[in-house]
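> Following is a predicted model, sequence given first.
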Amino acid sequence: MIKRISPAVLLALLLFVSVVARVAAARALDAPWIAADEFIYSLVGRTFWSGGGLTLFESHAPFYGLYPFLVGIPLALFGPAAGLAVMQVAQVLAASLTIVVVYVWARRMVTPAWALVAAGLTALLPALAYAGLLMTESLFLLAATLALLGVARSLAEQTLARQAVMLALILNAVMIRLQAIVFVPAVVLAVGVVAVAARDAGVIRRFAPSLVFLGVATCVGLVVRATGSASPLGAYEAATGSGYEIGTALTWIAWHLVDLALLVVVVPLFAVLLLLVRVLGGKEPNDDVRALVAIACSYAVATVVLVGVFASANVEQLAERDLISVAPPLFIALAVWLGRGMPRPQPVASVIAILLAAPLVFLPVRDIVVAGATPDALMLVPLLRLEAAGSAGTLAIVWLLTVCTVVALAALVPRRAAPALVAVVAVVLAVTSVVAQGELVDRSHADRKEVFGSSAPNWIDRATSGHVAYLYAGDPLWTGVWQQAFWNERISSVVAISGERGYGPIPGSTDADILEDGTLVAGGRRLRGDRPVVVPANFTVDGRRLATSRQAPNQPGLGLWQASDPLRLTLRVTQLPKDGVTSDRFVVEVFGCQEGTLRVGLSARADTTVATSVDAGAESKLDVPAGRKVVARVRLPRLAERRLCVVTFDPQGEVSVGRITRAPAARWVPTPVKSLRPVGLPGIRYGYCRDGTFVSMAFRQPDWDASVRGAGIASFVAEVGLTCAAPPPGYRRRGFAPAGLGVPPGVYPYYAP
């Protein structure tokens with residue numbers, strides 16, 4: 001006779017399968033990927049353990065919690081590639097250990113079989129995919145679940161020792177991710193729920209030490225913040241200064257409540273609300289169940305409110321990844337309810353079913369789905385694919401049928417069919433995990449190819465030694481800065497041209513102006529050329545080129561130069577395609593323009609003519625015979641004051657542009673900084689609206705150009721495009737226009753029916 005397999009063996013098998021599957025999934029990702037979070041954590045941590053202190057690009061870095069210090073250890077010891085692999089495996093182990101915590105917690109209230117159900121559902125969470133990225137989610141899931149268990153145990157036993165352990169676990173979660181400050185209101189609310197359930201005001205008295213500690217800690221943080229001497233929130237202090245609107249915040253809270261229901265596939269919420277009614281009615285004799293329900297509901301409410309309010313002004317899309325720590329206690333509550341035979345007292349069960357179904361059915365599902373985006377809301381990935389494959393109407397019908405079916409099953413399925421109900425939840429989670437993982441892999445691969453093309457990620461470290469500077473000139477692929485810095489440890493500083501920051505955050509970078517003679521100036525001083533510099537391929541540097549990276553076809557490419565001292569640009573080519581083939585006008589800006597010659601290699605398949613002019617002056621024409629290579633030689637003027645000239649090339653047919661070089665007449669002599677002016681580079685153009693008129697200008701130009709101050713970014717209206725006109729009736733804001741519409745993602749407000 002075959003012996004029954006012990007629960008411990010089944011738990012170990014579940015853990016093993018989860019770790020193996022998640023490690024394989026993690027290694028399939030081209031991490032790091034999420035900018036700027038992953039890169040800030042990794043660069044700050046690596047720099048710290050390499051002896052650079054708490055800095056980012058040679059500037060002081062704010063406090064981001066303990067995570068950067070943890071992720072920095074393997075990166076500093078083993079380098080980017082091996083360190084990333086070590087951290088991915090470690091994070092998978094940490095996230096998977098949440099399964100064990102859930103099982104141990106559930107075993108206090110249910111049989112081993114139902115405890116394994118709770119652990120198994122936790123293992124199927126799509127959010128475990130974050131273990132493959134250098135993000136806090138995987139470690140925070142474990143830390144928050146341990147803290148929730150600590151709160152539940154202290155609520156059940158109410159001793160000082162238990163409360164001390166609880167506070168230590170909460171502090172650990174806060175240090176991993178500052179979002180854990182949500183435990184303060186959650187604990188207060190949970191204590192109140194237990195006091196009501198037990199009909200015992202002494203619960204509050206016994207919890208007085210913990211409540212006083214949490215209250216004092218909160219007051220100290222507020223006082224510190226008010227004095228301005230430091231911020232208890234570190235790098236997240238900026239979130240407290242955003243303009244929050246009550247109506248908008250309530251909308252986002254409602255959307256995140258719906259997303260929470262989707263995160264756990266509705267049924268666990270139905271179960272925990274039934275248990276909550278029993279607990280509040282004073283009918284629950286089990287202290288552990290009372291504690292579980294109290295903290296599960298309190299933590300869920302506090303988290304949804306906090307995340308919804310935060311997202312309303314800072315994220316502007318669903319922040320589902322901030323909700324995932326709510327799932328484990330809800331899965332345990334589901335196991336408790338199932339283990340008790342699925343009690344559904346009437347009319348309570350029907351009322352709860354209606355209350356759950358109403359927001360899911362009546363809130364506009366398309367608004368919620370559009371508000372979600374990979375990688376912040378993985379549960380929405382199948383819905384986004386469904387809408388892309390069908391239509392908004394198809395999405396609405398499928399959503400309605402699915403919601404009604406799941407709620408009906410929870411409310412009506414007979415007790416003997418409990419395994420089928422579990423199977424429904426498990427299948428939805430498993431399918432979503434597979435689809436979401438595929439989406440993450442595809443998008444991370446695409447972004448890696450965009451940034452590096454066919455070049456090795458560590459192409460800079462291979463080509464030089466010592467410190468390297470990176471010149472950022474407003475490339476819309478702003479994530480490339482972070483990717484290059486992660487894979488090339490020699491990049492120690494980033495110089496961003498003033499007014500050319502693009503739309504991505506690059507904390508730690510140095511703002512610099514380009515003067516008319518091409519030198520870069522920051523804080524009134526020329527930047528020294530004592531280190532190699534990475535520049536976009538359309539720039540030429542006074543020095544020697546060491547290496548190039550071609551990147552993807554739609555990106556400009558990069559060049560690594562050993563610059564002379566001081567760091568000086570000599571040429572900048574604009575309006576020329578990367579492959580050099582064009583029939584349109586292109587421009588060469590010559591810095592430090594003195595008497596000399598600009599040489600441009602040209603060829604054409606058919607006879608054509610190219611007109612050239614300097615500073616919009618008289619045109620000269622050059623014939624380019626078919627099949628022959630010619631060199632256009634443009635004489636540069638001698639300039640006494642203005643030290644920048646613009647050479648325009650206007651081909652009459654298609655030409656192929658080759659090497660562009662400059663032969664100066666004499667050695668360049670630097671001019672005093674005070675006698676030179678910053679050059680307003682045209683940069684990448686974006687659509688703005690000024691007094692209702694569409695205007696093309698550099699991104700955020702109204703922030704630094706007083707002549708266009710007050711202009712606002714244009715809108716992208718579906719079936720219309722970029723416009724300054726008001727959206728048609730019935731059109732609503734749907735987040736930001738994605739890259740698939742032919743515009744840079746995350747820039748233009750998007751309106752659609």
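Cool, the structure landed.
> Quick one, grab the pLDDT at the residue lying closest to residue 492 once chain neighbours are set aside.
Nearest residue to residue 492 in three dimensions, chain neighbours excluded: residue 467, at 4.3 Å (C-beta to C-beta, 6 or more residues apart in numbering). From N, CA and C alone the C-beta is placed, and that goes for glycine too. Note on residue 467: pLDDT of 91.
> Residue 467 contacts residue 493, correct?
Yes - in terms of C-beta atoms under 8 Å, residue 467 counts as a neighbour of residue 493; the distance is 7.3 Å.
> who has more neighbours, those two?
Under the neighbour definition other C-beta atoms under 10 Å, residue 467 and residue 493 were set side by side, and residue 493 has more, 19 against 14.
> and the more buried one, that's in a helix?
No - counting by DSSP: H, G, I helix; E, B strand; the rest coil, residue 493 is located in no helix; its state is strand.
> doesn't residue 472 make contact with it?
No - in this structure, residue 493 is not within contact of residue 472 by C-beta under 8 Å, at 10.7 Å.
> can you list residues touching both of these two?
Counting by C-beta atoms under 8 Å, 6 or more residues apart in numbering, the contacts common to residue 493 and residue 472 are residue 509.
> What ranges does the stretch 301-450 of the chain have for its helices?
327-339, 348-362, 365-371, 381-389, 392-412, 418-452 (DSSP state H, counting those that start in this stretch).
> and the fourth one, what does it pack onto?
The contact analysis (3 or more C-beta pairs under 8 Å, 6 or more residues apart in numbering; DSSP states H and E) places helix 381-389 against helix 365-371, helix 392-412, helix 418-452.
> rewinding a little: tabulate the helices of the stretch 301-450 of the chain (JSON lines), appending mean pLDDT.
Conversion of the helices of the stretch 301-450 of the chain to JSON lines gives the following (pLDDT from 0 to 100):
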{"stretch": "helix 327-339", "mean pLDDT": "97"}
{"stretch": "helix 348-362", "mean pLDDT": "90"}
{"stretch": "helix 365-371", "mean pLDDT": "75"}
{"stretch": "helix 381-389", "mean pLDDT": "84"}
{"stretch": "helix 392-412", "mean pLDDT": "88"}
{"stretch": "helix 418-452", "mean pLDDT": "93"}
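> for the ones you listed, which one sits closest to residue 529?
Comparing the helices of the stretch 301-450 of the chain by their distance to residue 529 (C-beta to C-beta), the top pick is helix 418-452, with 25.6 Å.
> Would you mark the buried spots in the closest one?
418, 421-422, 424-426, 428-429, 432-433, 435-437, 439-441, 444, 447-448, 450-452 (16 or more other C-beta atoms under 10 Å).
> Not counting stretch 330-348 itself, show me its contacts.
Under C-beta under 8 Å, 6+ apart, the answer for stretch 330-348 is 102, 105-106, 109-111, 114-115, 117-118, 121-122, 264, 267-269, 271-272, 274-275, 277, 289, 292-293, 296, 300, 411, 413, 415, 418, 421-422, 425.
> could you point out the longest strand in this structure?
Counting residues, the longest strand found in the chain (DSSP state E) is strand 655-664.
> strands paired with that strand, and their directions?
Strands that pair with strand 655-664, judged by DSSP bridges, come out as strand 581-582 (antiparallel), strand 596-603 (antiparallel).
> Could you tell me the angle between the direction of the helix or strand following the longest one and that of strand 655-664?
From strand 596-603 onward toward the C-terminus, using DSSP states H and E, the following helix or strand is strand 608-614. Relative orientation of strand 608-614 and strand 655-664, computed by axes from the mean of the first three to the mean of the last three C-alpha atoms, to 10 degrees: 30 degrees.
> I'd like the helices and strands packed on helix 381-389 as JSON lines, with distance to residue 560 appended.
Converted to JSON lines, those look like this (distance: least, C-beta to C-beta, whole Å):
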{"stretch": "helix 365-371", "distance to residue 560": "41"}
{"stretch": "helix 392-412", "distance to residue 560": "47"}
{"stretch": "helix 418-452", "distance to residue 560": "13"}
